[in-house]
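**Q** Can you look at this prediction? I've put the sequence above it.
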Amino acid sequence: MEINLMNEMIDYIENHLTEEISYRKLSKIVGMNEFLMQRVFFLVTGISIAEYIRKRRLSKALEEIQNTKETILDIAIKYQ
């Protein structure tokens, strides 16, 4: 997988952390089927796409808890 495609996929994830992230859209971004995309992502990063999304959502939620006046419940709902 070309590094630019991986960057596009990560950019998509980062820009949609508060939404449902579609593996179908991700696979279209990188131009490969969903299964192969997931395998390549794992080989490159060492974690699954789902784990990456979960960790990014948790880190963004923590950042917002520390830096905003939003309630924890609102932030939890925002980041699913």
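**A** Received, thanks. Numbers count the residues shown, from 1 in each chain.
**Q** Can you list the helices and strands that the helix ranked longest in the chain packs against?
**A** Under DSSP state H, the helix in the chain containing the largest number of residues is helix 49-67. Counting contacts by 3 or more Cβ pairs under 8 Å, 6 or more residues apart in numbering; DSSP states H and E, helix 49-67 packs against helix 3-15, helix 34-45, helix 72-78. No exception for glycine: its C-beta is placed from N, CA and C like everyone else's.
**Q** would JSON lines of these with mean neighbour count be doable?
**A** JSON lines is the format used below for these (neighbours: other Cβ atoms under 10 Å):
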{"stretch": "helix 3-15", "mean neighbour count": "13"}
{"stretch": "helix 34-45", "mean neighbour count": "14"}
{"stretch": "helix 72-78", "mean neighbour count": "12"}
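**Q** closest to Ile65 out of the ones you listed?
**A** Nearest to Ile65, of all those, is helix 72-78, at 5.9 Å by Cβ to Cβ.
**Q** measure the residue of the chain most remote from its centre to Leu58 for me?
**A** Ranked by distance from the centre of the chain (Cα atoms, centre = their mean), the top residue is Lys69, with 24.4 Å. Lys69 sits 20 Å away from Leu58, going by Cβ to Cβ, to the nearest Å.
**Q** Could you do Asn4 as well?
**A** Note on Asn4: its distance to Leu58, by Cβ to Cβ, is 27 Å.
**Q** quick one, phi/psi of the residue farthest from the centre of the chain?
**A** Dihedral pair for Lys69: phi -100, psi 10, per degrees, to the nearest 10.
**Q** ok, now Glu70?
**A** According to degrees, to the nearest 10, Glu70 has phi -60, psi 150.
**Q** Surely it touches Glu64?
**A** Yes - applying Cβ atoms under 8 Å as the test, Glu70 and Glu64 come out as touching, 6.1 Å apart.
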